[in-house]
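from the sequence below, what's the structure:
(one chain, ligands or ions: 2)
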Amino acid sequence: MHSKEQISHDEYQKTADWLMSQTKHRPQVAIICGSGLGMLADTLKCQDSFPYSDIPGFPQSTVKGHAGRLVFGELKGKTCVCMQGRFHMYEGHSLCKTTFPVRVFKLLGVETLIVTNAAGSLADGLQPGDIMIIKDHVNFPGLVGLNPLSGPNDEKFGPRFPAMSGCYDKGLRCLAKEIAKQLGVAGLMHEGVYAMVGGPTFETIAEARLLHRLGVDAVGMSTAPEVVMATHCGLRVFGLSLITNKVVKSYEDSDSVNHDSVLEVGRLRSQTVQQLVTELISRMEINNNNTPNNAV
Ligand SMILES: O=P(O)(O)O[C@H]1O[C@H](CO)[C@@H](O)[C@H]1O
Ligand SMILES: Nc1nc2[nH]cnc2c(=O)[nH]1
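Residues are numbered from 1 along each chain as shown. Ligands and ions are numbered 1, 2, ... in the order given. Take a look at the predicted model:
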């Protein structure tokens, strides 16, 4: 099911054109909000917002903590578009649909994508409530062929064989660390490797141990396909995981994770995540080399 569905350039363009007919905002930065992190959109000024059900071609959000709205607005002098709710493979969406908004953002003129997620920690030093800047990812579904780029390549968006080394922009990672120091939250900040698994099951203890041995710091069920699509079409990417739980790695440990506790940590850390993302957007340089008219 996942590799067969194809979305044509025209379909992405139709959605981008519809959005441009409904709002005057022409975003430079796109933000994808992870589970429980939808409040990132609240900081946008002069908002225009659209339920996903009103947007031609958009899939629907089905997961609690993902409101299902696309919000446009201004933030510290930059024009942004924010997804309050993302799409996951485990919801039954094809990977093309899961990543559909990313190419629409490219066509809208977006230059930088900020992805956020809720994730469980495997690294001993990462505690619930900590924030991990994503340095790199392991795309487990991608490694076995579940890649949003499977199928005919659309050269208008990018090359057949895109490099993924360096897909999380180093300059933005450095800037985020500097900002964390200035905000006095450096103690919460880490940098590490995120792994995407298919979900919707959380990890067994054996799976958790395997991921830990493989060098994974935090695990979730999203993000990698969005970053693959963004990197393919030349977007600059910054990624951040909010650590919402420790993944159980011991048979003696009676803890277990659930989605409500994941959302609760999101709510508790919402202000810090909001401050970090706001400062990052405020201080990042924009080259304006991807205006809607020369997008692809
Ligand atoms: O990755 P986001 O969307 O933040 O959500 C994470 O939280 C949910 C599980 O609680 C899963 O969907 C997992 O991927
Ligand atoms: N796979 C996975 N996804 C998560 N999202 C939030 N916490 C977790 C976790 O522990 N495992």
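
what does the closest residue to ligand 2 within the stretch 101-250 of the chain show for phi and psi?
In the stretch 101-250 of the chain, the residue that lies nearest ligand 2 is Gly120 (2.1 Å; CB to the nearest ligand atom). Heads up, the C-betas are built off the backbone N, CA and C, glycines and all. Gly120 adopts backbone torsions of phi -90, psi 140, taken as degrees, to the nearest 10.

burial of the nearest residue to it once chain neighbours are set aside, as a residue count?
Counting by CB to CB, 6 or more residues apart in numbering, Gly120 lies nearest to Val247, which is 4.1 Å off, once chain neighbours are set aside. Neighbourhood size, Val247 [other CB atoms under 10 Å]: 25.

and Asn288, by the same measure?
9.

can I assume Ala30 sits in a helix?
No - the assignment for Ala30, made by DSSP: H, G, I helix; E, B strand; the rest coil, is strand rather than a helix.

who in the stretch 51-200 of the chain is up against ligand 1?
Val63, Arg86, His88, Asn117, Ala118, Gly199 (CB under 6 Å from any ligand atom).

the helix-or-strand element of the chain with minimal mean pLDDT and ligand 1, are they touching?
Least confident helix or strand of the chain, by mean pLDDT, DSSP states H and E, is helix 259-283 with a mean of 94. Yes - using CB under 6 Å from any ligand atom, helix 259-283 comes into contact with ligand 1 via His259, Val262.

what number of residues lie near Gly77?
Gly77 has 9 neighbouring residues, counting by other CB under 10 Å.

surely it meets Met284?
No - if you go by CB atoms under 8 Å, Gly77 and Met284 don't touch, sitting 10.7 Å apart.

overlap in contacts, those two.
Residues touching both Gly77 and Met284 by CB atoms under 8 Å, 6 or more residues apart in numbering: none at all.

who's sitting farthest from the centroid in this structure?
Relative to the centre of the chain, and counting by CA atoms, centre = their mean, the farthest-placed residue is Glu252 at 33.6 Å.

show me what contacts that residue?
Applying CB under 8 Å, 6+ apart to Glu252 gives no contacts.

ok, the one 5 residues further on next?
The contact partners of Val257, by CB under 8 Å, 6+ apart, come to Gly120, Phe202, Thr244, Asn245, Val247, Val248.

what of Gly77?
Ser282 are the contacts of Gly77 under CB under 8 Å, 6+ apart.

what does the stretch 51-200 of the chain put close to ligand 2?
Within the stretch 51-200 of the chain, the positions adjacent to ligand 2 are Ala118, Ala119, Gly120, Val197, Gly199 by CB under 6 Å from any ligand atom.

looking at the contacts of Val257, which are in strands?
Among the contacts of Val257, DSSP state E puts Gly120, Thr244, Asn245 in strands.

which of the residues you listed are buried?
Buried members of the ones in strands among the contacts of Val257, scored by 16 or more other CB atoms under 10 Å, are Gly120, Thr244, Asn245.

ok, those residues vs ligand 1, which is closest?
The nearest member of these to ligand 1, counting by CB to the nearest ligand atom, is Thr244 at 7.1 Å.
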